[in-house]
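*Asks:* I need the structure of the sequence given here:
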Amino acid sequence: MKKIDADALGETLLRRFAGRTSRRSLLSRLGIALVAAPAFPLLPVSRANAAKADRSPEAKTAFARTAQTTDDTQCNYWRYCAIDGALCTCCGGGVHSCPAGAEPSPVSWVGSCINPDDGKAYLIAYRDCCGKPMCSQCGCDNTDRETQIYTPQLNNDIIWCFGTSSMQYHCSTAVLVSAAQ
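*Replies:* Coordinates of the predicted model:
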């Protein structure tokens, strides 16, 4: 039996590889791999075993356990899970509309509230109405799933009157955007 030298075998394989490929083709393949690598996470993946949201009463927040769908002038109305301020429904406006003389802010913060009638979560955009003195009726401070101030789009402690003619806060609305996934 012939004894095979590992160094000689390695040299033979590398010489054959070098004889069949060029530097340009090797660099080309390496470049293609580097460009294509970030696309791998975008490939479709089976989501059949993905975890479903737990909507059981035990998993609900304190607000979600007491939420109701009939009286939009109460702080426990289901859309108000993350609202902070006076409710526009008590100040001459509606759940999704500012009262006359108040201007809606073009920016908002968001929350995900569970509708107790169907058990589904919905994305709610909270928008401040500005330009009139503060309405002192129906003040609510619901902090369901509120985040720290360094994530401002999910924080309700900010006066969101940016982009309006006046930074004077009047009341807040709760616009249903879509079903949450």
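
*Asks:* specify the local secondary structure of residue 34.
*Replies:* helix (DSSP: H, G, I helix; E, B strand; the rest coil).

*Asks:* which stretch of helix or strand covers residue 172?
*Replies:* strand 169-179 (DSSP states H and E).

*Asks:* now for that strand, which elements pack on it?
*Replies:* strand 84-86, strand 121-130 (3 or more Cβ pairs under 8 Å, 6 or more residues apart in numbering; DSSP states H and E). All C-beta atoms are positioned from the backbone trio N, CA, C, and that covers glycine.

*Asks:* now the longest one and strand 169-179, what's the angle there?
*Replies:* Angle of strand 121-130 versus strand 169-179, following axes from the mean of the first three to the mean of the last three Cα atoms, to 10 degrees, is 160 degrees.

*Asks:* still on that earlier bit, looking at the helices and strands packed on strand 169-179, spot the one closest to residue 10.
*Replies:* strand 121-130 (59.6 Å; Cβ to Cβ).

*Asks:* in the sheet, who's paired with residue 125?
*Replies:* Here residue 125 shows beta-bridge partners residue 110, residue 175, assigned using DSSP bridges.

*Asks:* so it sits against residue 177, correct?
*Replies:* Yes - at 5.1 Å, residue 125 counts as touching residue 177 under the criterion of Cβ atoms under 8 Å.

*Asks:* those two - which one has more neighbours?
*Replies:* More neighbours surround residue 125 than the other of residue 125 and residue 177, with 17 against 13 (other Cβ atoms under 10 Å).

*Asks:* the more buried one and residue 31: what is the separation?
*Replies:* Plainly put, residue 125 is 44 Å away from residue 31 if you go by Cβ to Cβ, to the nearest Å.

*Asks:* go on, residue 117?
*Replies:* Counting by Cβ to Cβ, the gap from residue 117 to residue 31 is 56 Å.

*Asks:* likewise residue 118?
*Replies:* Counting by Cβ to Cβ - residue 118 and residue 31 are separated by 51 Å.

*Asks:* same thing with residue 127?
*Replies:* Taking Cβ to Cβ, one finds residue 127 at 48 Å from residue 31.

*Asks:* between those two, which has more neighbouring residues?
*Replies:* residue 127 (22 against 10).

*Asks:* which residue ranges of the chain form strands?
*Replies:* Assigned by DSSP state E, the strands in the chain fall at 84-86, 103-104, 109-114, 121-130, 139-141, 169-179.

*Asks:* of all those, which one is nearest residue 63?
*Replies:* Nearest of these (Cβ to Cβ): strand 109-114, 8.1 Å.

*Asks:* the closest one: which residues count as buried?
*Replies:* 109, 111, 112, 113, 114 (16 or more other Cβ atoms under 10 Å).
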